[in-house]
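Engineer: need a structure here:
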Amino acid sequence: MTNQPLVSIIMASFNSERTILHAMESVLSQTYPNIELIVIDGGSTDSTPQIIELFEKKMQGRMKWISERDNGMYDAMNQGLARSSGELIGILNSDDWYESDAVETMMHEYQNNHTAVLYGILRYVEDEKETMLYRMHHDSLKDGMITHPTCFVPKALYSEFGSFDLGYRLSSDYELMLRFQSKGVQFIPVDKIIANFSHGGLSTINTDGLIEGFRIRNAYGHISSRQMQWGILKLRIKSILKSVRINA
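Structural biologist: Next up, the predicted model:
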């Protein structure tokens, strides 16, 4: 047994047979010992459920999982939050993976501040090669999302301010962070690589996600309705021109 606070890692998956084992192994290999893994699979039709079931034995009672149809990744994340028991919660995409000391690093910061959103540096990887290190500072949240795969959030914040808004299909994590910020929640940047992002994965931002981002920024008063409409129009024109070039 350990008196170290429990950390919950939530992982949403759907037809992730190529990547989910790597993601789950990155949780198992953490240097911090007191972790539970919660996998919410959306009823995958490939071998994802079988991979999860086999992996559960490695977690030795520290894993919960289901595989059934859901209403998208944010619904899955909300289901994971409802099943979580940890004081601190990380959310990892099934096509991304943690650095081995990610949880230990964030727990150290959490011990110093139990009410802040913690986030670090995200490494972009393509074809097993590092392409970029990225972190948008929380002071610029009005302009775009911080690195969500690196975020660790005290469960108390979800309990007080709510979970993911299913009205946003692709950018609900951005809305949640702006909601936290609007309520005066502190954000603490951690100067270490915490997670690795796989290019081309489920989290890749598309035009629809960017459009949602404009609407969210407008809802929180960071841009005017006119700026939102103009921004959305430019995105749609850009998308049309890209489609024309591809089909030419």
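
Engineer: CA atoms for contacts and neighbours, from now on please.
Structural biologist: Noted.

Engineer: Check which helices and strands the top helix by length along the chain is in contact with.
Structural biologist: Looking across the chain with DSSP state H, the single longest helix is helix 225-247. In this structure, helix 225-247 makes packing contacts with helix 207-219, judged by 3 or more CA pairs under 8 Å, 6 or more residues apart in numbering; DSSP states H and E.

Engineer: Need the residues that contact the helix it packs on.
Structural biologist: Applying CA atoms under 8 Å, 6 or more residues apart in numbering, the contact partners of helix 207-219 are 142-144, 168-171, 174-175, 223-225, 228, 231-232, 235-236, 239.

Engineer: Run me through the strand neighbours of the top strand by length along the chain, direction for each.
Structural biologist: In the chain, ranked by residue count with DSSP state E as the criterion, the top strand is strand 186-198. Sheet pairing of strand 186-198 (DSSP bridges) gives strand 97-98 (antiparallel), strand 116-126 (parallel).

Engineer: Ok, which of the ones you listed comes nearest residue 18?
Structural biologist: strand 97-98 (13.0 Å; CA to CA).

Engineer: How about the helix or strand just after that closest one, which residues are buried there?
Structural biologist: Per DSSP states H and E, the first helix or strand lying C-terminal to strand 97-98 is helix 102-112. Neighbour counts over helix 102-112 (16 or more other CA atoms under 10 Å) mark 102-107, 109-110 as buried.

Engineer: mind giving me the domain split of this protein?
Structural biologist: Here the chain is described, according to automatic domain parsing, as comprising the domains 7-203, 206-248.

Engineer: Return the most buried member of those.
Structural biologist: domain 7-203 (a mean of 19; mean count of other CA atoms under 10 Å).

Engineer: for the record, mean pLDDT for that one?
Structural biologist: The average pLDDT for domain 7-203 rounds to 95.

Engineer: got it, and stretch 224-243?
Structural biologist: Per-residue confidence for stretch 224-243 averages out to 90 on the pLDDT scale.

Engineer: Identify the residues contacting it?
Structural biologist: Contacts of stretch 224-243 from elsewhere in the structure, counted by CA under 8 Å, 6+ apart, are 207, 210-211, 214-215, 218.

Engineer: now swap in stretch 40-57 and tell me
Structural biologist: With CA under 8 Å, 6+ apart as the contact definition, stretch 40-57 has outside contacts at 10-17, 20-21, 24, 63-70, 72, 76-77, 79-80.

Engineer: Could you tell me the angle between the longest helix of the chain and helix 207-219?
Structural biologist: Orientation note: helix 225-247 sits at an angle of 170 degrees relative to helix 207-219 (axes from the mean of the first three to the mean of the last three CA atoms, to 10 degrees).

Engineer: In a strand, residue 23, correct?
Structural biologist: No - under DSSP: H, G, I helix; E, B strand; the rest coil, residue 23 falls outside any strand and is assigned helix.

Engineer: my guess is residue 80 contacts residue 36, does it?
Structural biologist: No - between residue 80 and residue 36 there is no contact, the gap being 11.2 Å when judged by CA atoms under 8 Å.

Engineer: Please tell me how far residue 69 sits from residue 231.
Structural biologist: Counting by CA to CA, to the nearest Å, the separation of residue 69 from residue 231 is 34 Å.

Engineer: Surely residue 172 and residue 75 touch.
Structural biologist: No - taking contact to mean CA under 8 Å, the distance of 10.2 Å between residue 172 and residue 75 leaves them out of contact.

Engineer: okay, and the common contacts of the two?
Structural biologist: In terms of CA under 8 Å, 6+ apart, residue 172 and residue 75 are both contacted by the residues 164, 166.
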